[in-house]
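Trainee: Sequence below, structure please.
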Amino acid sequence: MNRNNFILYYLNGEGPLWKVFWLWGVVVSWILFGLFYYAATTFGISWGLFLVSGIIMLPYTVWLLVSIWMCADNTGNDFWSRASRFVTIIWSLNIGGVAGFLLTDLVIGWS
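Mentor: I've put the predicted structure just below:
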């Protein structure tokens with residue numbers, strides 16, 4: 001058991017689904033989104049902000065999505081297990097789309 005290392009604890013599928021999904025997946029992701037949204041609206045979207053957000057969000061998001069997938073069976077209800085995996089797939093597609101639009105905005109300069 002990796003309770004002393006929360007990264008491995010969830011990554012290995014040992015944590016409860018509700019914690020990794022709701023606390024790490026929703027609450028922390030919204031806080032990070034809010035910080036990057038504030039920076040983007042205050043300073044504008046730049047290569048620097050794009051790189052910093054990528055350096056922070058890419059490893060976090062990969063950890064989060066894998067952790068949710070791995071912890072999906074740690075619930076007493078099969079519906080929540082399947083729903084969390086479905087949402088994880090949709091979440092992955094959404095992240096790719098958002099990153100693509102931001103990159104397009106930087107390259108073409110649509111703002």
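Trainee: Name the nearest residue to residue 61, ignoring sequence neighbours.
Mentor: Spatially, and ignoring its direct neighbours in sequence, residue 61 is nearest to residue 95 (6.0 Å; CB to CB, 6 or more residues apart in numbering). For every residue, glycine as well, the C-beta is placed using N, CA and C.
Trainee: Contact partners for residue 66?
Mentor: By CB atoms under 8 Å, 6 or more residues apart in numbering, the contact list for residue 66 reads residue 11.
Trainee: Distance of it relative to residue 88?
Mentor: Counting by CB to CB, to the nearest Å, the gap from residue 66 to residue 88 is 9 Å.
Trainee: measure residue 77 to residue 26 for me?
Mentor: For residue 77, the distance to residue 26 - CB to CB - is 18 Å.
Trainee: One more: residue 70?
Mentor: From residue 70 to residue 26 the distance is 18 Å (CB to CB).
Trainee: okay, now the residue nearest to residue 61: neighbour count?
Mentor: 15 (other CB atoms under 10 Å).
Trainee: Show me what counts as buried in whichever strand or helix holds it.
Mentor: Using DSSP states H and E, residue 95 maps to helix 78-108. Neighbour-count burial for helix 78-108 flags 80, 81, 84, 87, 88, 91, 99, 102 (criterion: 16 or more other CB atoms under 10 Å).
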